[in-house]
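# My questions are about this predicted structure, shown below with the sequence.
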Amino acid sequence: MCKKALFVVFIFFGFADLVLAQTGSISGLVKDADTGETLPFCNVFINNTTISTVTDMDGKFVLSNLEPGPLELGFSFMGYVAETRKVTLNAGGNLTVNLSMKPFATELSDVEIKASRDKTWERDLRKFQNLFIGTDDAAAKTQILNPWVIDFPTGSEKGAFIAKADLPIEIENQYLGYKITFNLNEFFDSPTNYRIVGAARFEELTPNSVTQKSTWDKNRADVYRKSPMNMFRAILSGTQEREGFYLYGDKAGGSASKNMRSDIFANELGNSVVVYKADPLVTPTSPAGQYFINLKGRIEIHYQKGFAQANTYKDAPYPISWLEVNGGKVRVRENGMVLNPQDLVFSGDMDRKRISNLLPLDYNATKAIQLQDLAKTAKNYQEKVYLHTDKPYYYAGDQVYFKGYFAYGNQYLRDELSKVLHVELISGERDIVIEKKFQIRDGVVVGDFYLPDSLSGEKYYIRAYTNWMRNYGPNQYFLQPLSILDPYKRIAPEEAVSSWKNQGVVIRADKSQFGPREKVTVTLNVSDLKGQAIPANLSVGVWDARQLVPVKRTLEMEKVLDLKGVSETLGLDRFSYPIEKSLNLAGSVTDEKGKGTSASVTAFVNDFQGMIDMESGNDGTFVLDELEYYGPMKLAFSASDKKGKPLKIDISKPLKAPVALPAEAYFPKLITLANPIRIRELEEAVPQKAEETKAKNANGRQAIYGNPDFVVTGADLTKTGSNTDLVNSLVGNVPSMRVTLVGATGQQSIRIRGGAVSAGGSMEPLVMVNGAIMGAAGGATAADNLRSINPFDIDRVEVVTRIAPMLGDQGRNGIIAVYLKDNLYQGLDALMSGPGLKEYLVEGYQPSGNFIPVDYEQITEPVEKDDRQTLYWNPFLIADEKGTLTFSFYTNDSEGPVVVEVRGLGIDGEIIVGTFILNQK
């Protein structure tokens, strides 16, 4: 008699595979049920996934960016009974799940547990491993790391085999590359059926080599291909036979016994077994995205793309399984996830697949299979970028905001391709004026940079490319003509454009006419070419059409992101520029004869705040890779041979991409007026300090910004009476320093240059701690960075109110340099000046600036003049599943029209382009 498996361990609650779907979060508190004390470092995870976290010191946890739908939450902590909670998360929802965990009444130590094991237990363990892990190739590379936590009590049912584990079972699967922590709730095996019920937390193992990673990827894809989940997904789309799954049913009135057939399938087909047909095979049900698959009777499944260890039929050497469904209906989601696993009973090959063949529910099977089957051609690995800037042209000294959108030859390769975007400003004479690097995240880039006040030309180009794009030639780069004017120049009125070709977006304002400093609310509706509403990733810029003539954009998004023109057969073998996944720095070590040599190399980071040890190769080369830092970073390198003799170190400077400008590019005509478009703020007169001490870093060396304008000692900071955070402490010690709230966010904004309140964009200073720049990642303001520093830990704060040229546009709005009470760097001057040590200043990612929209409801001080050109810029807008989003902005002092410009990509890469004029009079 065939043993039947109740299919409960391998399929749990799943996730909807929706790009740009509105996600939710789960938070809560974990306590000891007896004492009420919180439990820090408790594991909290989504069952059967790699999604997990641990509670903090207060017992709190947060799981974010979760797909909506039914979920099973697992809790595991040493010495406590593991728990699971079934919940349903709504789109955009935030669930709170608090839990009190029960401690074990008694807990044996590992030594005590191991000592109690005998030969009977060892025999039971081997049996358990075969039933729990399996017996195939995957099982051979899977082991239980802590088998001593498993017990085998005597079952009440005759012939039953039972296992229990009070502590989580730790499993290492070297076949698929996962560590699984399994909370075993039930294990039952008998001559007729078995049950395995529990919660699994997955962690990806770190591969030892590229080859091992490739092997794991291949094995994962192979396991998924033959899985029930893939079969059900294929049935929904009618492609089950193309995926290798052929379904048969018992013929009515056929063989007297289902289990007495010949071993020749060709003889049985049409006699005892027939092709399974159901009308309909698939029935949609509610809620949307769920379906019934009608499988009545015993279904025989032939997977013809695999090979079986033991053949059921001599003429069918592939895996064969049987499935019986209680009620005849399998309820599944679009991705094949079963929602009624308790009704499914498998036997045959699918019955033999156990823990060693278990994949996490968040495993991206479609991507993995695509990558396995993907040909390594230039076409498939192509990437292109389009930049949307906040306005069509600029004035010298402006801040340029942009968002970059990527198109890929194969969308599944997005995470395998570039993570670094190079953005440059190039003059008409082909000189690179500005060069910055930005981090690519999820196929988009958001960034900004300042245009120097000193720009004297008018015709410039903004260029963007990845290192990988260089293999495809300059015509694959983003290269857009960009007019940059001095304050007395204007675009000629006849260059104005009044209508544009829009695609996929319409807008509606809450009022047809509006005046100065008035709030305007705009609603966007996004759709595809068929007019169907779609989710989309968008950026929106709104600018004053009186100050900025609405000129045409010279590059169309659709044409820039067009991936045509690359041969389908061109391989990658001749490509010489590698994919940049992160920042890296290469160098070489040479002896006194200039010959490369192997040596120990030490890199000191930011005036000895950290150090990195490495070895150069036999040819003297070394590489610092997988770096992630923002702004300039100081690196001092030291190298010596085996005898301790110092060696010479040089850092390699990568060759810049050659500049190729178009022979004819469109630049709008200009006119010159007597009055500037705006009067630049004059630098406020700064009283000189009594002491003229030069600014020094923690190691006593000259600071990169030169002399400060103000120095506030730590003692002065703690005298103010408002020393709970550094921001408030500084206000009373630095003349003209202003701190205001940013709109409705509650964030503080600092300004130290000039005394007037500006209605313009951010004027935030740069923050440095012990000479290291604090980045503005994640939308952090200068005040956010300062607030994290305890004033009582500070030796002094040096404030620079002028522009710091050595720091480029980062030092445009002044500097707040904090130096802590730290003797770490004392006595290192001799080392810095010693032989074999060489210092470099290297540029990292450009720190993100924040566009601060004006909100007159939040401004408490009077604004004398509001002459903003860009009224609104938001690169983080997401249209929901109904294709809708709403945003608001405040107008400036102008009463003229405003331009709303929208760019974006839909859920399936649809181009979204729209430019509209509001408030026309």
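The structure has been received and is ready for your questions. For clarity, every value in this text was computed on a predicted model and none was experimentally measured.

# only C-alpha atoms for contact and neighbour calcs from this point on.
Noted.

# Which of the helices and strands in this protein ranks last by mean pLDDT?
Within the chain, confidence by mean pLDDT, DSSP states H and E is lowest for helix 829-832 among all helices and strands, at a mean of 44.

# Please state the offset of whichever helix or strand comes after it from the chain centre?
Downstream of helix 829-832, the first helix or strand assigned by DSSP states H and E is strand 837-843. Here the centre of strand 837-843 is set off from its chain's centre by 30 Å, with CA atoms, centre = their mean, to the nearest Å.

# which parts of stretch 213-223 are buried?
K213, T215, W216, D217, K218, N219, R220, A221, D222, V223 (16 or more other CA atoms under 10 Å).

# Before we go further, the fifth one is sitting in a strand, right?
No: remark: K218 does not belong to a strand; assigned using DSSP: H, G, I helix; E, B strand; the rest coil, it is helix.

# That one: what's it in contact with?
The contact partners of K218, by CA atoms under 8 Å, 6 or more residues apart in numbering, come to Q372.

# could you pull out the helices for the stretch 51-200 of the chain?
Along the stretch 51-200 of the chain, counting by DSSP state H, counting those that start in this stretch, helices occupy 110-115, 119-132, 137-140.

# Over to the chain?
Shown for the chain, the helices assigned by DSSP state H span residues 110-115, 119-132, 137-140, 210-225, 228-237, 265-268, 365-373, 557-560, 714-717, 726-731, 782-787, 829-832.

# Please tabulate these in JSON lines, including the columns distance to E881.
Below are the helices of the chain laid out as JSON lines (distance: least, CA to CA, whole Å):
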{"stretch": "helix 110-115", "distance to E881": "52"}
{"stretch": "helix 119-132", "distance to E881": "42"}
{"stretch": "helix 137-140", "distance to E881": "41"}
{"stretch": "helix 210-225", "distance to E881": "29"}
{"stretch": "helix 228-237", "distance to E881": "22"}
{"stretch": "helix 265-268", "distance to E881": "49"}
{"stretch": "helix 365-373", "distance to E881": "22"}
{"stretch": "helix 557-560", "distance to E881": "23"}
{"stretch": "helix 714-717", "distance to E881": "51"}
{"stretch": "helix 726-731", "distance to E881": "42"}
{"stretch": "helix 782-787", "distance to E881": "34"}
{"stretch": "helix 829-832", "distance to E881": "58"}
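
# Please identify the most buried of the ones you listed.
Mean neighbours per residue, mean count of other CA atoms under 10 Å, is largest over these for helix 726-731, with a mean of 22.

# Now it - C-alpha only, PDB.
Output of helix 726-731 as PDB, limited to C-alpha atoms (Å, rounded to 0.1, in the frame of the first residue of the first chain):
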ATOM      1  CA  LEU A 726      23.900  69.900  19.900                       C
ATOM      2  CA  VAL A 727      21.600  71.800  17.600                       C
ATOM      3  CA  ASN A 728      20.000  73.800  20.400                       C
ATOM      4  CA  SER A 729      23.400  74.300  22.100                       C
ATOM      5  CA  LEU A 730      24.900  75.800  19.000                       C
ATOM      6  CA  VAL A 731      22.100  78.300  18.300                       C
END
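
# and that helix, what's its mean pLDDT?
Per-residue pLDDT over helix 726-731 has a mean of 77.

# ok, now stretch 389-406?
Stretch 389-406 carries an average pLDDT of 94.

# Spit out the contact partners of V818.
Contacts of V818 by CA under 8 Å, 6+ apart are V767, M768, V769, N770, G771, I794, D795, R796, V797, E798.

# Of those residues, just say which sits nearest to S749.
Distance ranking of these against S749, using CA to CA, places V767 first at 12.6 Å.

# Please name the bridge partners of the closest one.
Counting by DSSP bridges, V767 is bridged to I816.

# What distance do you get for it to R490?
Separation of V767 from R490 (CA to CA, to the nearest Å) stands at 36 Å.

# Quick one: residues contacting M557.
Applying CA under 8 Å, 6+ apart, the residues contacting M557 are Y386, I911, V913.

# How much space separates N183 from N364?
24 Å.

# no wait, R903
Distance check for R903 against N364: by CA to CA, it reads 29 Å.

# Those two: who's more crowded?
R903 (27 against 15; other CA atoms under 10 Å).

# Done for today, thanks.
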